[in-house]
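Novice: need a 3D model of the following:
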Amino acid sequence: MIQSATRSPRGIGLGLVLVLAVLLGGCATAAGGGEGSSGVQIAGAQEAPFGQLQIIGTQLSGQDGQAVQLKGMSTMGLQWYGGVVNPHAFDALVYDWQSNVLRLALYVGEGGYSEHPELKDLVRQGIELAIQRGVYIIVDWHVLTPGNPNDPIYAGAEDFFDEISRDYGAYPHVIYEIMNEPNGDLSWSEDLKPYAEKMVDVIRANDPDNIILIGSGTWSQDVDIAAADPVEGENLMYAIHFYSGTHGQELRDKVDKALELGAPVFSSEWGTSQASGTGGPYITKAQEWLDFFDQRGISWVNWSLANKNETSAAFKALIQVYDEEQGESVILQEETPLVPEAVHPDGYRYWPEDQLSVSGAFVRSRIRGEEPPVYRQAIHSWDFESGELEGWHIAEDSPVKPELGVLNAGEAQGAGYQYAWSTQAVSDAWSTAPRLRIGDTNKIIDQGDSVGVRLLLEKGKTVQAPLELNVIMQYPPSWWTQLPAVKINYGEGEDLGNGYLAYQIDVPYSAEEGTELKHLQLILVGTGSGYEGRVIVDSVAVQTTSTGDGGVALAKTQGGGESAPAQEPPAPLGEFSGLPWTFDDQTRQGWTVTEDSPAQVIPRIYPAETPALGYSYAWSIPGPEDPWNAAPRISSSWVNLPAAEYSSLSLDIYIEDQDAQGTLQVQPVIQSPQHGYWFQLSPQILDDQTWTPAGQGLRKYSLTFDLTANTGASFAPDAVMRNLILITIGLESDYRGKVLYDNVTFR
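Specialist: Model (predicted):
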């Protein structure tokens, strides 16, 4: 039997002590012996859930020798989303999510530890927060770009793991991941195994027992190759990383091969998206992987604890569009704070489910051992937010005909009427049931699977029996398809705090291909209930039901969000016809807004010195904590250029000549398969000294980006530049207006 411990919110008082410790000066550590070894002493340390972990055969096991399976979450790059390392977030992850393992992803390149050694303090804080909550903590040396752990940028690995193992090795909570995702033209036997042996020796000099995770080639996927020539030592495991939209049975076969060869396997990073972090979420495929892990007792950690606008992020990101009429950005989705704010009944803070992404809600349910949440997406809907009935009326054959209008219930409004049902039952309850109807919808419904109705009833009424909602779909040939009746127990409604109770009713249906809905009726039966008051239909939707599959951004039916302003369509897409991108043909030449762009801008062709591709947008002060979370992203089509043949990227960028605070930063990213589809060039700032007037009230900047001298990275010899992403970041800027690109080319 595999043990999978859950956590209870014990020790919250110690968490409050830690909050004070952090506020008063950082980590709650002291020099001296820790549990019988030199290192730090951690105030309020709790026992690890399974004690000292060990490997028995290929199975991760607890101190008692019983098999265990750890499940939890990974941070994203601490240099970007390190704000999640805080006492309240760790409380939520341990007590609400019931994680028994967490992972600290310390990027070294890409603006990480090599440039900001102070990030080590954040790692130390995360280790101590985990130990104080009695969970395991993976310290990840995040090799990614460059992909060779022997690259000079990673020269600090020995000192880092020597310090961490010396200071924290006495605690059985600590797990070491010595190289995240080696990639590029690397040999296991000549490049990776010698590095791993060196790191194992460094750690074992201080810590003889704790688990060490070892990466392998091809972004920690060549676990079978490593297993055929393993590193010698005890309690060593091999990391397997996958993304469910990209990796499937072929990679699972490699895991099975490694197990057959006697190598223990730990999935220290996986996501519900494609390997790029976008696309999906691929929930069904992710569940296939989790079933596979359950059958083999393999522990796992999901990527990632971030509010970035990408599918694999666990939290919702800021999403906004630019309203040209108003000249300002409109928020479509609020950003989930990395420090949770809601207070759980047990006293700790947590993230409510409506602050989680589809991926985050799915993974939380899997860690907790619960069924994943179901999401619904409207394919046809009526929400009455326009203040009109939108074609709904009391049916001509309704036996009772109350006056129908748009009624308000606090911030909600819908189609409603006033009615009173008797407490006395009658032989034909439908004879006292108002019929709400919309006709001539002419909507194809074969892609849907349910009708969703959000119903509001007044609070504080005396109701003696349930009401009943009947949904009637009318289409040929029968013209009367009666869906299963749904009972409404008055006291079970959600108290909206405004005098109303809300009921979300979802009634399943099935329809043959091409079925065209002509009419829809809602018949509320209440005789015998004695309900007297307002009845408001807040929204009606013909909808699809999903756990997140299908590559569509889904929202719960009861979710809201401001509607996007009406905007003109984008310029024609066009086709890529060779460098440079000049846009002289008045098309976008293959450029689009990326699906993970936090700003859903509309690309158009605008006049500059010559036609240029751009969009309108407004930044604000203050912006989000991470300015990337309000940064529009546009991407070229796939060009697949060999990186070795080019040395620079050049482009012209135009912005409006206005008196705006702050600056804009241009960040090119090249999506190269050999670099994990994310190769950042060194960004450039649009300053006041380097622009020239360009007519049309525009400033022109001519920029050149070096492809051979970047922030801690160089292209692999065989690297292919698949496509280019241009990200415009506002740095404490309130600029609002056009951003145009032209003459984009590689040289």
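Novice: quick one: the strands in the stretch 601-747 of the chain?
Specialist: Assigned by DSSP state E, counting those that start in this stretch, the strands in the stretch 601-747 of the chain fall at 604-607, 611-618, 633-635, 641-642, 648-656, 663-671, 679-680, 684-686, 692-693, 698-706, 720-721, 723-731, 736-746.
Novice: figure out which of those strands is closest to E494.
Specialist: Among these, the nearest to E494 by Cβ to Cβ is strand 611-618 (35.6 Å). (Each C-beta comes from the backbone N, C-alpha and C, glycine too.)
Novice: could I get the strands of the stretch 601-747 of the chain in TSV, plus columns for mean pLDDT?
Specialist: Formatted as TSV, those follow (pLDDT from 0 to 100):
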stretch	mean pLDDT
strand 604-607	95
strand 611-618	95
strand 633-635	96
strand 641-642	95
strand 648-656	97
strand 663-671	96
strand 679-680	90
strand 684-686	95
strand 692-693	94
strand 698-706	96
strand 720-721	94
strand 723-731	97
strand 736-746	96
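Novice: closest to Y531 out of those?
Specialist: Closest among these, using Cβ to Cβ: strand 611-618, at 47.7 Å.
Novice: just the angle for that closest one relative to strand 736-746, thanks.
Specialist: 140 degrees (axes from the mean of the first three to the mean of the last three Cα atoms, to 10 degrees).
Novice: what's strand 611-618 packed up against?
Specialist: Counting contacts by 3 or more Cβ pairs under 8 Å, 6 or more residues apart in numbering; DSSP states H and E, strand 611-618 packs against strand 319-323, strand 328-333, strand 604-607, strand 648-656, strand 736-746.
Novice: flag every buried residue along the fourth one.
Specialist: If you call a residue buried by 16 or more other Cβ atoms under 10 Å, then strand 648-656 has these buried ones: 649, 651-656.
Novice: which strands or helices does it pack on?
Specialist: Checked by 3+ Cβ pairs under 8 Å, 6+ apart, strand 648-656 has strand 611-618, strand 663-671, strand 698-706, strand 736-746 packed alongside it.
Novice: and for the last one?
Specialist: Using 3+ Cβ pairs under 8 Å, 6+ apart as the contact criterion, the secondary-structure elements in contact with strand 736-746 are strand 611-618, strand 648-656, strand 723-731.
Novice: can you add distance to Y475 and give the helices and strands packed on strand 611-618 back as a markdown table?
Specialist: As requested, the helices and strands packed on strand 611-618 are exported to a markdown table (distance: least, Cβ to Cβ, whole Å):
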| stretch | distance to Y475 |
| --- | --- |
| strand 319-323 | 36 |
| strand 328-333 | 33 |
| strand 604-607 | 40 |
| strand 648-656 | 52 |
| strand 736-746 | 48 |
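Novice: grab the longest strand from this structure for me.
Specialist: With secondary structure taken from DSSP state E, the chain has its longest strand at strand 532-546.
Novice: for it, what is the average pLDDT?
Specialist: In this model, strand 532-546 has an average pLDDT of 94.
Novice: next helix or strand past it?
Specialist: strand 592-593 (DSSP states H and E).
Novice: re the thing from before, nearest to G233, out of the helices and strands packed on strand 736-746?
Specialist: Closest approach to G233 among these (Cβ to Cβ): strand 723-731, 41.7 Å.
Novice: give the buried residues for that closest one.
Specialist: Those would be 723-730, for strand 723-731 by 16+ other Cβ under 10 Å.
Novice: what about this protein, any weak spots by pLDDT?
Specialist: Applying pLDDT under 70 to the chain flags the ranges 1-38, 550-567, 710-712.
Novice: the helices in it, which residues?
Specialist: 12-23, 78-81, 87-91, 119-132, 157-168, 193-204, 217-220, 223-228, 249-260, 283-296, 358-368 (DSSP state H).
Novice: give me the contacts around the fifth one.
Specialist: Contacts with helix 157-168, where a contact means Cβ atoms under 8 Å, 6 or more residues apart in numbering, come from 29, 34, 38-40, 108, 113, 120, 123-124, 127, 131, 139, 141, 149, 174, 176, 178, 198-199, 202-203, 205-207, 210.
Novice: picking up where we left off before, direction included, what does the longest strand of the chain pair up with?
Specialist: strand 375-382 (antiparallel), strand 412-420 (antiparallel), strand 450-458 (antiparallel) (DSSP bridges).
Novice: go ahead and flag the most central residue of this structure.
Specialist: A313 (2.4 Å; Cα atoms, centre = their mean).
Novice: contacts only, for it.
Specialist: 76, 277, 304, 306-307, 357, 359-360.
Novice: how far away is it from L129?
Specialist: 21 Å (Cβ to Cβ, to the nearest Å).
Novice: what do you get for R604?
Specialist: Counting by Cβ to Cβ, the gap from R604 to L129 is 47 Å.
Novice: the two: who's more crowded?
Specialist: More crowded of R604 and L129, by other Cβ atoms under 10 Å: L129, with 27 against 19.
Novice: hmm, L93 and the more buried one touching each other?
Specialist: No: the criterion here is Cβ atoms under 8 Å, and L129 misses it with L93 at 9.6 Å.
Novice: list the beta-bridge partners for L457.
Specialist: L501, V535.
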